[in-house]
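need a structure here:
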Amino acid sequence: MSDAIQDPRPAVGDDAPDFSVKGTNGDPISLKDFRGKKRVVLVFYPQDMTSGCSTQLSAIRATIDDFRAADTEPFGVNEGDAESHAQFISELDLPFDLLLDEGFAISTAYNTLKPEGNRIQRTVVVIGKNGKVIFRQQGAPPPGELLEAISMAGDE
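Numbering: from 1, shown residues only. So this is what the prediction gives:
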C-alpha cells in the first residue's frame, strides 16, 4: 500500500476543521480564535528531533517575520508530548508553538495520517482568515511557496 493519503480533504476551498488543543506550555489554542484575525499554517510532521522535521521547521523559523507580516501564525503539529515539544523548540530556537495532537485528533480531522493510521504523513495546510483551506500539500513545501499562496488568497 502506498504512503500517500487517499483522501485529500479538507481540500483547498473547504472549511477547515476546528480544533481546540494545548500548546507546548499548556495554553489552550483554538482555530476559531484566529478566524477573522490571522491565517494559520499547520505543519504536520512525523516526529520531534529528526533531521527532516528539524529542517522543515527551521525553514519556517527563518521566515517567521515574513509569515507574521502576512498576518499568519505557524504551528507544528504531531503527537509528541509537551516535554518532547519543549525540547525541540529549545533545540531549534523555534519562535512558534508545537501543538499537542493527543490521539491524533487534529491529524485525523485534517486527514494527514498514513494509511496504517499510526503515523503522520508530512503535510502543510494553510487556513485563511475566513476559516477556509487556502493551501494543502504533502511533503515540505518551501516557505516561499506558502507565502505566495497566502499573498494570492482572497480570504478576508
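
so which residues make contact with stretch 25-38?
Under the criterion Cβ atoms under 8 Å, 6 or more residues apart in numbering, residues 16-23, 40, 71-73, 75, 82, 86, 97, 99, 127, 129-131 lie in contact with stretch 25-38. Where C-beta positions appear, they are placed from N, C-alpha and C, glycine not excepted.

same thing but 10 Å
Defining contact as Cβ atoms under 10 Å, 6 or more residues apart in numbering, one finds that stretch 25-38 is touched by 16-23, 40, 42, 67-68, 70-73, 75, 82, 85-86, 89, 97, 99-100, 106, 109, 127-131, 156.

middle-most residue in the protein, spatially?
Nearest to the geometric centre of the chain sits residue 42, at 1.4 Å (Cα atoms, centre = their mean).

just the pLDDT at it, thanks.
At residue 42, the model reports a pLDDT of 98.

picking that back up, so which of the contacts of stretch 25-38 are in strands?
With DSSP state E as the criterion, strands contain 20-22, 40, 42, 72-73, 75, 99-100, 127 from among the contacts of stretch 25-38.

in ChimeraX, select just the buried ones from these.
Buried residues within the ones in strands among the contacts of stretch 25-38, by 16 or more other Cβ atoms under 10 Å, are selected in ChimeraX with:
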select :21,22,40,42,72,73,75,99,100,127
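
can I get the ones in strands among the contacts of stretch 25-38 in JSON lines including distance to residue 34?
Putting the ones in strands among the contacts of stretch 25-38 into JSON lines (distance: Cβ to Cβ, whole Å) gives the following:
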{"residue": "20", "distance to residue 34": "12"}
{"residue": "21", "distance to residue 34": "13"}
{"residue": "22", "distance to residue 34": "16"}
{"residue": "40", "distance to residue 34": "5"}
{"residue": "42", "distance to residue 34": "11"}
{"residue": "72", "distance to residue 34": "9"}
{"residue": "73", "distance to residue 34": "7"}
{"residue": "75", "distance to residue 34": "10"}
{"residue": "99", "distance to residue 34": "13"}
{"residue": "100", "distance to residue 34": "17"}
{"residue": "127", "distance to residue 34": "8"}
